[in-house]
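# When you get a sec, could you give me coordinates for this:
(chains A and B)
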Amino acid sequence: MAHFEAGMESMIDMYIFETTSLLEQLDQILMKTENENNFGEDEINEIFRIMHTIKGSSAMMGLDNMSHLAHAIEDMFFIVREDNPVISDMRSLYELVFNASDTLKAEIDLLQDPDSDPTDFSDQMTKIKNYAAMLKSGGTAPAADSSSQAADAPSEAAIDFDPAEMITVTTGGGDDSTTVKVTFEDDCKMENLRALLVVNNIRNECSALSFEPEDIEDNSDTAKIIVEKGFTIKFTPAHTTAEDIISLISSTMNVKNCEIISMSGQQTAEVPAYTLTTVKVDFAEDCKMENLRALMVVNNIREEVNQLAFFPADIEANQSTAEVIRDNGFIVHFKSDFGDDAILRIISETMNVASVTVLKTGSETPPEAPAQESAQPSAPAETAAPAPEAASASAPASPAASKPAEKPAAEKKPAESKAAGGAAKQSLISVSLYKLDQLLDMVGEIVITEAMVTSNPDLKGLRLDNFQKAARQLRKLNSELQDIVMSIRMVPISGAFNKMTRIVRDMKVKLNKDVDLIFEGEETEVDKSIIDNLNDPLMHMVRNSMDHGIEETAEDRIAAGKNPKGRITLSAYSSSGEVVIVIADDGMGMDPEKLLDKAERNGILTKPRSEYTDKEALNLIMLPGFSTNETVTEFSGRGVGMDVVRQNIEKCGGTVSVDSKLGEGTSFIIKIPLSLSIVDGMEVSVGNSIFTIPISVIKESFKLKPNQVLRDTDGREMVMIRGECYPLIRLYEIYDLDSAQTDLYSGIIILVETDGKCACLLADELIGEQQVVVKPFPPLLNNFNVKQNGMSGCSILGDGSITIILDVSNIISDF
Amino acid sequence: MSNYTKEENKDFVSAGGEVLLFTIDNVVYGIEIKYINEIIGIEQITVVPRVPDYIKGIINLRGKTVPIISVRRRFGQEEIPYDERTCIIVLEFENGEQAGIIVDRVREVTQAKPGEICSTPVNKNVNTNHYIKNIIENSEGIKLLLNCEKLVMEQ
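Numbers count the residues shown, from 1 in each chain, chains lettered A, B, ... in the order given. Predicted structure coming up:
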């Protein structure tokens, strides 16, 4: 079943992106307030706004289930905000909202699967409504067995007190409500609930709403009454016309007929236009569906303003208004007790709003220009559409308000709007990652091509001063281009870290451990593709630390002489082309002996037990099928975690290691290259092969003198340099290459250092320094563990030949 | 490992199809045309250390690195020096992966008719049987149809 209304497919990406980021915001606010154990007004408003936006955009996408769930939460927070009840049971409030946030996220994931059906959230909504009802009734919980229907009633009532709906008293007097009688299809059953559906459908569109019979929700007998007498609804349209609402009613499921009993007399109050502030809202280019975006603006500010009118008015019903808005902007007139600035802020914070231009500020005194009344008839084109406004800004008044306001500004306007557009234009855009990947690939190709041109064999032996000059310039520009492209792809790691707060929070509750999560250096930037690969490993490791690392009880910690509150630190910093991420806990630590015991039992030791160093023993936990936890818990213990961590990290070219002190805690250290794709390398030849060694690991290169070479008792060769002794690795030997230089003193020695370990590599000769674009090995070769053999990737050189990039740390540790 | 399914094979057996023929050591082998990406001459092959000996290395095929397999080695035969008829047949699999195989010489593309295709005998003793999917027999002789997935991917 398709999730979306027809024509909405193009919006899916945008919707998913927006909603996901909103939900993440929500999580953060919740986490913050939970820590402080207090809801500030700002936070409540923020949650309110988030839920409101999700509700609106979900409804726009036709995702009714999500929209309704968001609506339920919004209602709940409405009570929290308005009544300011003493919340005795904060915890279940948080559980409810966290759960809802999770379900919404899960639902968004589901959206990407076209075959899935929308999930039914009614259970959750019932819970939320119950809780809201409890809040409403002053914190006394409803009887446990009270049916959800009974509990629903007060919360439904609460909805009816929404401020937007309260301001129905038209200042000008006169009745602008419409009364209709709805009849349902024969035999559709449960007419009362059908009626409720109708009411729910139009609720958001009406500023006042009453219906007969009233107790449709908790009294199933009303079904009969509806069948006999019909269902009467009296409403005042909020921002659409009565006709729109009637058509909305008629289109509700099972509605047979919608008979108009009395239509609104178009009587509306006249509000002096000068009291209203007029602003012009422009939306981001290409955001599409400007009319619905505008509706969102209106919905966002509705509750904060006393009087509201806007043009074009029929944004909800009339798709073509999108174009009008795109061309002329969206004009909003309002008056608010909160001050114009607050409203302007709300407007400008609404999604996709590019700029808000104040055309006129409202004042209490009429302006001198008497043009108002005379302007009114001069706006015939606009008077047709606007609907009677709930905010009592009358239909004729609204264009009148805009006209005189715009007129004095007419001369100034082009310049002004241009300036305003320049200043307020969004300085951020979101770009699809695919395009960035393409850009990066392209830059890689340019780097290769540059090398093809500048070191073209045809140029050999020629003296080309000007060419060399131009080539140097090209190289400089190319490397700048590369830096820029890389920096575009860099995102702060805080995003990945912040996700962990949620995990820690959940586990804190479930495991009943008190733990602080501390971030250090979360502003460190890493390549986007790396962040994506980091989420899972981080999650596994934080879970591990929570579950196994931190002691079971606070008493255990006190007995060990530690702060009863545990601590997990996530830190990130960059060092020499690498990002180092450390996940450290101050828990029990790991016992190498225990690890070895376990490994022995599982039969994963590869050499005699006595030969394992502590460090090697600790790294055993990275092996597949290793878990020290005797019991499998919800969070960890299945022995797949650390194995997956290692694989994920290796996938992006990184390494992971463990450090632990028994009784003091454990750290996991992840090292990941800053960028994956372009490496400054030194090319060396060995036999017929060309290898590239990353410049960042090379300390020096030199020719050996006979007195520098030593042999240990096993015949292993070592090189003595300035009083330091380094192991010697002959590249041709470990890679079994023919026709290489085997004479130590004719070949070249390259001293490399990585992770604090050094070694000397023997190669035939140095060819030169070159930037190379790392390409992964073909998948077929990955089957043969090339990566474990000291080769991190390959690259194509300027002349079309292939070089293999060496992974020096692997070579040092394995050979 | 192999994404080749029995049903697909049934299709080929019952419907026939085009087959590219090549020889190794004077034996004629065939590969279904759907796997063939292109045929190129021998290029400079970059040796990748520490892989099985039948993988000769990788080549640069218009910016893509493609692993190269020696069919002779794969079949446990001695390699012969490359000459002007030695070719690399670049195969492409359904998942987009590419691999090149070195063959002595490429013959032609021929149409295998349904009646000419028969299955391999169950015989564990023949080394190459492992990589052979079907046998095509007609008036021109016998051709052995290779199972490309097994030839390339099986370790």
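
# only C-alpha atoms for contact and neighbour calcs from this point on.
Fine.

# Assign B:E43 to helix, strand or coil.
Look at B:E43: counting by DSSP: H, G, I helix; E, B strand; the rest coil, its state is coil.

# Tell me the confidence at it?
B:E43 carries a pLDDT score of 84 in this model.

# Pull the contacting residues for it.
The neighbourhood of B:E43, defined by Cα atoms under 8 Å, 6 or more residues apart in numbering or on different chains, consists of B:I59.

# and the gap between it and A:A740?
As judged by Cα to Cα, to the nearest Å, B:E43 and A:A740 stand 21 Å apart.

# Next up, phi/psi of the closest residue to chain A within chain B, please.
Residue nearest to chain A within chain B: B:P49 (5.1 Å; Cα to the nearest Cα). Per-residue torsions, B:P49: phi -70, psi 160 (degrees, to the nearest 10).

# Please give the element, helix or strand, for A:L781.
Element membership for A:L781 (DSSP states H and E) is helix A:779-782.

# Is chain B within reach of that helix?
Yes - contact of helix A:779-782 with chain B (Cα under 8 Å from any Cα of the partner chain) involves A:779-781.

# hang on, the earlier thing: what residue, apart from its backbone neighbours, is nearest the residue of chain B closest to chain A spatially?
Nearest residue to B:P49 in three dimensions, chain neighbours excluded: A:Y735, at 5.1 Å (Cα to Cα, 6 or more residues apart in numbering or on different chains).

# now swap in B:Y131 and tell me
Among residues not flanking B:Y131 along the chain, B:N147 sits closest, at 5.3 Å (Cα to Cα, 6+ apart).

# Give me the pLDDT for the one you found.
88.

# repeat for the one 3 residues further on
Model confidence at B:K150, expressed as pLDDT, equals 86.

# Same question for A:D186.
For A:D186, the pLDDT comes out at 72.

# And A:L474, how close does it get to A:V453?
11 Å.

# Quickly list what A:M490 is bridged to.
Per DSSP bridges, the residues bridged to A:M490 are A:D527.

# Counting neighbours, what do you get for it?
By other Cα atoms under 10 Å in any protein chain shown, the residues close to A:M490 number 19.

# Point out where the stretch 101-250 of chain A drops to low pLDDT.
A:114-116, A:138-176, A:239-240 (pLDDT under 70).

# which residues touch residue 96?
No chain was given, so I picked chain A. A:124, A:127-128.

# scratch that, B:F93 is what I was asking about
Residues near B:F93 by Cα under 8 Å, 6+ apart: B:35, B:149.

# residues in the stretch 601-750 of chain A within reach of chain B, list them.
The stretch 601-750 of chain A has residues A:689, A:735-737 near chain B, with proximity defined as Cα under 8 Å from any Cα.

# Which of those residues sits closest to chain B?
Taking Cα to the nearest Cα as the measure, chain B sits nearest to A:Y735 out of these, at 5.1 Å.

# Can you pull the phi and psi angles for the closest one?
Dihedral angles for A:Y735 - degrees, to the nearest 10 - are phi -100, psi 0.

# what number of residues lie near it?
16.

# So for it, what pLDDT did the model give?
90.

# ok, now A:S67?
Residue-level pLDDT assigned to A:S67 equals 82.

# Chain B versus that one, what's the distance?
For A:S67, the distance to chain B (Cα to the nearest Cα, to the nearest Å) stands at 40 Å.

# residues near that residue, how many?
A:S67 - counted by other Cα under 10 Å - has 22 other residues nearby.

# residues from chain B in reach of chain A?
Going by Cα under 8 Å from any Cα, the residues of chain B near chain A are B:44, B:46-51, B:58-60, B:63, B:65-67, B:97, B:153, B:155.

# now, which of the residues you listed lie within helices?
Per DSSP state H, helices hold the following members of the residues of chain B next to chain A: B:M153.

# Quick one: mark the members of the residues of chain B next to chain A that sit in strands.
Using DSSP state E, the subset of the residues of chain B next to chain A located in strands is B:58-60, B:65-67.

# tally of neighbours for the residue of chain B closest to chain A?
Neighbours of B:P49 (other Cα under 10 Å): 21.

# A:V542 too?
When neighbours are counted by other Cα under 10 Å, A:V542 registers 26.

# Likewise for A:L477?
12.

# right, and the pair among the residues of the stretch 601-750 of chain A next to chain B with maximum separation?
Pairwise distances across those (Cα to Cα) peak at 11.2 Å, for the pair A:S689 and A:D736.
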